[in-house]
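J.: Turn this into a structure:
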Amino acid sequence: FFFSPVLPPQRRTMMLGALKKLVGIVIVVRVGAVARPNVLFMMADQLRFDALGAAGNTAAITPALDRLAAEGLRMEWSWSSTPTCTPARAGILTGRSPWGHGMLGYGAVAPWYPVEMPTTVARSGYITQSIGKDHFGWNSTSNHGIAHGYGVTQLYDGLGSWDPKAPTNWDGEFDDYDKWFQTVMPGKDPEATLDAQGAAHGGANDGWNGWHGAAYVYDEQYHPTAWVGRQAVSFIQAANKTATPFLLKVSFHRPHSPYDPPARVMDKFKVSELPPIVAGTGWDLRFRGQPGDPTGCGQQDPDAWCGLMQTNMTNVSRVAYYGSVAFVDEQVGHIYKALVESDLLEKSYIIWTSDHGDGQGDHYHWRKGYPYEFSAHVPMLLRWPESEVSRRGFTAPRGIVISDLVSELRDVFHTVIDASNALTEQPVVPFQAEDGKSLLCLLVDPTGQTCEYKLNPGPWRQFIDMEHSTCYNESNHWNALTDGRIKYVFRAFFADEQLFNLTADPKETTELSQDPAYAKVLKLWRSRMVAQFEAENRGSTWVLNGVLQQRVAGQTYSPNYPKGPPAVPNSRITLGNNGAPNDQWLISKNTDPSSMRLMNSTLCLAVDDAPAPGAGLIAAECRTPTTSAQLFAAISSPSVHGYIQIKHIASRLCVTANNTAVSLSPCQSPPADVQVWVDGASGRVCADKANSQCLTAGSSWAEWETHYGAPPQDDLRKY
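T.: Sure, this is the predicted structure:
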């Protein structure tokens, strides 16, 4: 089925009254003669802003997205403030700045926020459904994704690993696409195209986050991109039979790696016709993967985040990336056609964006998580229904490109809320000027001088803030500001600055912080960042006496992140989503025995009962001197570069992953997959298998609402 249950009026009234008392939100359910428009929110994962024909890329094959741009609004300067998957999606979900929603880097989307886009729209009477990638977290008890107000989810998050030894042949999140694939291709690896590439180049048998490319090995009907497109078309065809408005989110996992388009699409591209790879005038040389460059650079790592790769490998990856974009665009075309045939096109707003970009070798970078254009600059398209023009007073012509104002992913929340009129008064924690604004304001006044959107009125912003805590390597840790003309970057690990003139140098080839001609410009942007940190009360570790401070250690969450249950003595150690509360550890990176202490805590990893095979692990009060129950050694794996085994000294047993549980078992040499761990720069210790989940202390996500007073679960909130 496709639709969430429609609640009877009495039940809906009771729910809205209870919600109003709980979080202080006044919600108006609009009924009567005024028809409410549908909202189709579509996005891709890891789609660069310049991979569209509408952005001037003659090599791109994106006719469907180009049509949306020609029939709507295109923001030339739009960014993802925290350009990795989960914090970007938290911004969309909440409509707030990174400091406001609490995610300053790659971590876990909180299971609940006081105000969420789909929850709010659902409670105003809309059908809500999400198809494709949410990346909101997985409830292993219910074996379902956390919904955040989407009445129905049909998920392909692209997480987990093929494992023939597992009960479902899958290790980790076994979502709707994975289940479907096993019904039509039983016993087959859905990611077979590039899993072997990872293993062939010294990594795990898992290609979902690498930089290699290849043509899809199965018939294209089995591809997750095609599956997402079909589910969306089916929803639209069924939606034509109901008068209830809908919010449909269609989130494509590709062109996120694995870069694996069908050969039919991949063959349309020639390397010679693609835009040339960009290199700078010196600032980017340290990312080539030479001796002394940051760890994780170079083609020897199948999951490399930077490096000058072999030309033939780079060419295949880039062609496959463009093919992945084109295959996504084909599905967008099918969805557009379904809207037309269902007579819903002019009854629906359409929004298109991406959570972040992809380095694709520019400045020797791959993947995402950087302040540079290839990573943080994303497309933003908005098409409006003709029926809304006179009612809303829109003056913007179709095909308008706004090039002197900046937008960001936080604006999606407010655009959807404005289009559906789902929330008409400020919540208990009001939105601030730095939070999102509705793009509908720019359809009324494209200059941005006026905006009557009630949740964040006033002139459009002058510039946007961006940041990312430690990612891939301890040195990749930064804050930035930009207005689309100048970009200022503060590299927190080094306490140094970068300055780029995007007007004269849109590819960021020349870094200008040491150029005397830009001294005043540099001072202005530095002062803006100081003012931002002071206004947000970030404290003396961020700015002291007007001076930006060096921050060697990362900070994944701000104080505004919804707090989960804290770890307490004797908390059970389990496997949790990367970035869950209580999942960062201090561990010695050599073979000397030591304790593993939970960051910002007095608790240490300890054996629960007698140290025997099958014994569980807990977080216990750290002891000085270290007791035998708390004495572990991190032993580098001789067979897998960059990985460790965690050995309990007294028992000579190793920490072992088992689905979401953690226990001791006899150490194996070479290490078994379930005994291989990654000790990340942020302090997370994550299983190579088991969906890359991490050692976590304390209550699970499923206990969050019981402990922290979130709204009670109801028919519109299915976890």
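J.: so what pLDDT did the closest residue in space to Y488 that isn't next to it in sequence get?
T.: Once flanking residues are discounted, Y488 sits nearest to W525: 3.5 Å by CB to CB, 6 or more residues apart in numbering. For glycine as for every other residue, the C-beta is placed from the backbone atoms N, C-alpha and C. With respect to pLDDT, W525 scores 98.
J.: Same check on N209?
T.: 80.
J.: That one belongs to a strand, doesn't it?
T.: No - going by DSSP: H, G, I helix; E, B strand; the rest coil, the assignment for N209 is coil, not a strand.
J.: what residues are up against it?
T.: S257, D303, R367 (CB atoms under 8 Å, 6 or more residues apart in numbering).
J.: Narrow those to those that are buried.
T.: S257, D303, R367 (16 or more other CB atoms under 10 Å).
J.: mind putting the residues you listed in JSON lines, pLDDT included?
T.: Converted to JSON lines, those look like this (pLDDT from 0 to 100):
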{"residue": "S257", "pLDDT": "93"}
{"residue": "D303", "pLDDT": "81"}
{"residue": "R367", "pLDDT": "93"}
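J.: Got phi/psi on the closest residue to L455 other than its chain neighbours?
T.: In this structure, L455 finds its nearest non-sequential neighbour in F431, 5.1 Å apart by CB to CB, 6+ apart. Note on F431: its backbone torsions stand at phi -70, psi 140 [degrees, to the nearest 10].
J.: repeat for L524
T.: phi -60, psi -50.
J.: ok so, going back, what is the nearest of the contacts of N209 to A110?
T.: If you rank these by distance to A110 using CB to CB, R367 comes first, at 24.1 Å.
J.: before we move on, back to that, list just the nearest of the contacts of N209 to H377.
T.: Among the contacts of N209, and counting by CB to CB, the member closest to H377 is R367, at 15.0 Å.
J.: mind checking how far that closest one is from A44?
T.: 15 Å (CB to CB, to the nearest Å).
J.: quick one: the strands in the stretch 551-700 of the chain?
T.: Under the criterion DSSP state E, counting those that start in this stretch, the stretch 551-700 of the chain carries strands at the ranges 571-576, 585-586, 597-598, 603-607, 617-621, 632-636, 644-648, 653-658, 661-666, 677-679, 685-687, 694-697.
J.: Redo the ones you listed as TSV? Include distance to D404 and mean pLDDT.
T.: TSV is the format used below for the strands of the stretch 551-700 of the chain (distance: least, CB to CB, whole Å; pLDDT from 0 to 100):
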stretch	distance to D404	mean pLDDT
strand 571-576	44	85
strand 585-586	47	88
strand 597-598	48	90
strand 603-607	52	93
strand 617-621	52	93
strand 632-636	52	88
strand 644-648	51	91
strand 653-658	52	91
strand 661-666	53	91
strand 677-679	44	85
strand 685-687	43	86
strand 694-697	43	88
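J.: So which of the ones you listed is nearest F500?
T.: strand 677-679 (32.8 Å).
J.: gap between that closest one and the chain center?
T.: 21 Å (CA atoms, centre = their mean, to the nearest Å).
J.: and that strand, what other elements does it pack with?
T.: strand 644-648, strand 685-687 (3 or more CB pairs under 8 Å, 6 or more residues apart in numbering; DSSP states H and E).
J.: For T119, which of those strands is the nearest?
T.: Closest among the helices and strands packed on strand 677-679, using CB to CB: strand 685-687, at 29.7 Å.
J.: How much space separates Y113 from L522?
T.: 36 Å.
J.: what's the answer for A681, then?
T.: A681 is 29 Å from L522, by CB to CB.
J.: How about the secondary structure of V530?
T.: Assignment for V530 (three-state DSSP): helix.
J.: Is there a neighbour count for it? I'd like the number.
T.: 18 (other CB atoms under 10 Å).
J.: you'd agree it is up against G546?
T.: Yes - under the criterion of CB atoms under 8 Å, V530 makes contact with G546 at 5.6 Å.
J.: and the residue nearest the centre of the chain, what pLDDT?
T.: Note on the chain: the residue nearest the mean C-alpha position is C85, at 1.4 Å, using CA atoms, centre = their mean. pLDDT, C85: 96.
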